[in-house]
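# Build me a model:
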Amino acid sequence: MKKVLFAILFYAVPFLSQTKTSTPEKIDSLFAHPFFDTCLVAADIYNLSTQKQVYAKNTKLLLHPASNTKLFTSITALLQLPDSFCYETRLGLTGLVRDSVLDGDLIVKGGADPDFKTNDLDVFVEALRAKGINKVRGNLIGDVGLMDSTFWGKGWMWDDDPSSDAPYLTPLSINDNCILVQAVHDTLNDTLMIRTVPETSFISLTNNSVFDTISPNGFIISRAYLNRSNDIVISGNYGKGERASSYVNLFNPALYFLQLFKEKLTAAGIEVTGKNLLSDNSAFSDQVIVFRRPLMEVLINLNKISDNLSAELTLINIARQTGERGLNADSGLQFINKVISLIGYDPANYRIVDGSGVSHYNLVSAELINGLLKYLYFNHQQKYQQLLTTLPIGGVDGTLRRRMRGTNASNNVYAKTGTHSGVSCLSGYVTDKNGELYSFSLMMQNYHSKVEVARAYQDEVCNIIASWGSE
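Below is the predicted model:
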């Protein structure tokens, strides 16, 4: 990495004393490095303050945007949904309550809230307490009819399973549809401790790991995903005091939601005698409570940490304005295509198939991404300010927290990252020393195992922009 940074500085330094008119040469010098003999780069940089293009390279080439796709999803949400929009999860019941007993079912209607957590279930539990219910003589039903049965996006990789980056999709989500697994060798008692967060009977644990002080290679935490089970498997050879933790996704997370809810009810002294069931369309006679989560809360999580589930379920909520059920990504992509048309481009010239950028099918250009950023800034200042609050800040937070530190780009660049195998992108906004604002899109692809190198060049481009006007 030090060699990479030295190479960047070697190419950049000869130009640092030049004027603003030499800025294209400064960036060209970076892209002249042998790394780009095989790595394709596209760059589109625009001065929003002077309304002038300052750098353009391969701007029309179609490349994989990775998580830069989330810019299309979040900006479409900002433009298409009202500021008051909330993700909603509804709890209702059927039947009558007599002597603290509900003779009927509890129904949870999934509204595609990607950030619903175990602790949020406490709101439902307290609402049932308030109605005086301590027993449910019926089933616990999850209505998942808002979405169809497609649980992954087009072009998602089968071997991404059981990564937390590839969560199974459902309108009734909880804990990012994942579970935290921790394995620790307790040296004091010479025992292996395995726990999950949250603790739940929804999963099973299989320990195939072996204690080995001679050639330990550590724990491997996975899930038996090939047969679609939720058996968490611990394997590997571990040494004294070894510890490991990992998030793994879970199959059929809507049932995971219901099981965690039932376990919460049981802990609160509310018995449910029936089964956990899923339904495509369940009506309730009495709505108990609606749990609401504001749009901006989700968009911040979506962009800051590049959360794939948040992006996909936001796309579903964009599509909800059609009033239809059985939705999927295609239902929301029509609204993204409307925005692409609105900013002056033909959506037929590009391909976007999901809301998160997990798919390798996605193909867009640096020109299109920067066109989206420019449009938002010039035509919707309030929405631009809202987007800015959701983007990672160089050297400060999110996926940029460890990048650009100690440079003029630190605490200055607001941008969305995007990473796939052989793909690295960065698009957003940066301000120079004169206070002039720029939008930019940097796309790099077709390199092997050198994401740190690609990111280093992106960071130096941002530093060059941030340093303009410093003389």
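
# Average pLDDT for the longest helix along the chain, rounded please.
Ranked by residue count under DSSP state H, the longest helix found in the chain is helix 451-467. Average pLDDT, helix 451-467: 97.

# Please apply the same query to stretch 250-270.
Stretch 250-270 carries an average pLDDT of 98.

# How far does it sit from its chain's centre?
In this view, stretch 250-270 has its centroid 24 Å away from the chain centroid, taken as Cα atoms, centre = their mean, to the nearest Å.

# list the buried ones in the longest helix of the chain?
By 16 or more other Cβ atoms under 10 Å, the buried positions in helix 451-467 come out as 451, 453-467. C-beta coordinates here come from the backbone N, C-alpha and C atoms, glycine included.

# go on, stretch 229-245?
Quick answer for stretch 229-245 (16+ other Cβ under 10 Å): 230, 232-234, 236-238, 242, 244.

# Now, those that are in strands?
Among those, the ones falling in strands (DSSP state E) are 232-234, 236-238, 244.

# from the buried residues of stretch 229-245, which is closest to Ser285?
Taking Cβ to Cβ as the measure, Ser285 lies nearest Asn230 of the buried residues of stretch 229-245, at 32.9 Å.

# Please report how far the closest one lies from Val181.
According to Cβ to Cβ, to the nearest Å, Asn230 and Val181 sit 12 Å apart.

# One more: Ser427?
Distance, Ser427 to Val181, by Cβ to Cβ: 34 Å.

# What of Thr73?
For Thr73, the distance to Val181 - Cβ to Cβ - is 30 Å.

# higher neighbour count, these two?
More neighbours surround Thr73 than the other of Thr73 and Val181, with 30 against 23 (other Cβ atoms under 10 Å).

# Can you tell me the element the more buried one falls in?
Applying DSSP states H and E as the criterion places Thr73 in helix 69-80.

# ok, and what's touching that helix?
Residues outside helix 69-80 that contact it (Cβ atoms under 8 Å, 6 or more residues apart in numbering): 295, 299, 302-303, 306, 311, 314-315, 317-318, 321, 332, 335-336, 338-340, 342, 352, 354-357, 362, 364, 369, 372-373, 376, 380, 383, 386-387, 390, 416, 418, 427.

# so of those, which ones are in helices?
Using DSSP H, the contacts of helix 69-80 in helices are 295, 299, 302-303, 311, 314-315, 317-318, 332, 335-336, 338-340, 342, 369, 372-373, 376, 383, 386-387, 390.

# Out of those residues, which end up buried?
Applying 16+ other Cβ under 10 Å to the ones in helices among the contacts of helix 69-80 flags 295, 299, 302-303, 311, 314-315, 317-318, 332, 335-336, 339-340, 369, 372-373, 376, 383, 386-387, 390 as buried.

# Now do the longest helix of the chain: which elements does it pack against?
When contacts are defined as 3 or more Cβ pairs under 8 Å, 6 or more residues apart in numbering; DSSP states H and E, helix 451-467 sits against helix 2-12, helix 23-31, strand 40-47, strand 423-431, strand 437-445.

# Need these in CSV (columns: distance to Gly274, mean neighbour count and mean pLDDT).
Compiled in CSV, the helices and strands packed on helix 451-467 are given as follows (distance: least, Cβ to Cβ, whole Å; neighbours: other Cβ atoms under 10 Å; pLDDT from 0 to 100):
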stretch, distance to Gly274, mean neighbour count, mean pLDDT
helix 2-12, 60, 14, 45
helix 23-31, 64, 19, 91
strand 40-47, 56, 22, 98
strand 423-431, 48, 25, 98
strand 437-445, 52, 25, 98
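
# Determine which of those approaches Asp165 most closely.
Using Cβ to Cβ, these put strand 423-431 closest to Asp165, at 14.0 Å.

# List the strands paired with that closest one, with their directions.
Neighbouring strands of strand 423-431 in its sheet, by DSSP bridges, are strand 414-420 (antiparallel), strand 437-445 (antiparallel).

# So for Val197, which of those sits nearest?
Ranking those by distance to Val197, with Cβ to Cβ as the measure, places strand 414-420 first at 26.3 Å.

# What are the boundaries of the helices in the stretch 151-300 of the chain?
Using DSSP state H, counting those that start in this stretch, the helices of the stretch 151-300 of the chain run over residues 253-267, 295-304.

# could those helices be laid out in JSON lines, adding distance to Ile203?
Output for the helices of the stretch 151-300 of the chain, formatted as JSON lines (distance: least, Cβ to Cβ, whole Å):
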{"stretch": "helix 253-267", "distance to Ile203": "8"}
{"stretch": "helix 295-304", "distance to Ile203": "24"}
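
# what's the closest of the ones you listed to Trp156?
Ranking these by their distance to Trp156 (criterion: Cβ to Cβ) puts helix 253-267 first, at 15.4 Å.

# which residues are contacting that closest one?
Outside of helix 253-267, the residues within contact range by Cβ under 8 Å, 6+ apart are 108, 110, 116, 118, 121-122, 124-125, 128, 136, 140-142, 144, 167-168, 170-175, 177, 179, 198, 200-202, 230, 250, 271-272, 276-278.

# Report the contact partners of Lys383.
Taking Cβ under 8 Å, 6+ apart, we find Lys383 in contact with 75, 78-79, 376.

# Closest to Trp158 out of those residues?
Looking at the contacts of Lys383 and their distance to Trp158, the nearest is Ile75, at 30.3 Å (Cβ to Cβ).

# mind listing which of the contacts of helix 253-267 are in strands?
Applying DSSP E to the contacts of helix 253-267, the entries found in strands are 108, 136, 140-142, 179, 271-272, 276-278.

# closest to Asp44 among those residues?
Taking these together and measuring to Asp44 by Cβ to Cβ, the closest member is Ile179, at 40.8 Å.

# Give the closest residue to the closest one in space, chain neighbours not counted.
Thr196 (5.3 Å; Cβ to Cβ, 6 or more residues apart in numbering).

# What about that neighbour, how many residues nearby?
Neighbours of Thr196 under the rule other Cβ under 10 Å: 15.

# What of Thr389?
Applying other Cβ under 10 Å, we find 13 residues neighbouring Thr389.

# can you check Ser359 too?
Ser359 has 23 nearby residues by other Cβ under 10 Å.

# and it, which of the three is it?
Assigned with DSSP: H, G, I helix; E, B strand; the rest coil, Ser359 falls in the coil class.

# And the pLDDT at it?
97.

# show me what contacts it?
153-156, 353.

# One more pass at 10 Å, please.
By Cβ atoms under 10 Å, 6 or more residues apart in numbering, the residues touching Ser359 are 64-66, 69, 152-157, 329, 351-353, 420.

# next one: Phe335
Counting by Cβ under 10 Å, 6+ apart, Phe335 touches 72-73, 76-77, 79-81, 315, 318-319, 321-322.

# Looks like Thr150 contacts Asp330 (just checking).
Yes - counting by Cβ atoms under 10 Å, Thr150 touches Asp330, with 9.3 Å between them.

# Count the residues that sit near Arg292.
For Arg292, the tally of surrounding residues (other Cβ under 10 Å) stands at 14.

# sorry, that was for Val358
When neighbours are counted by other Cβ under 10 Å, Val358 registers 26.
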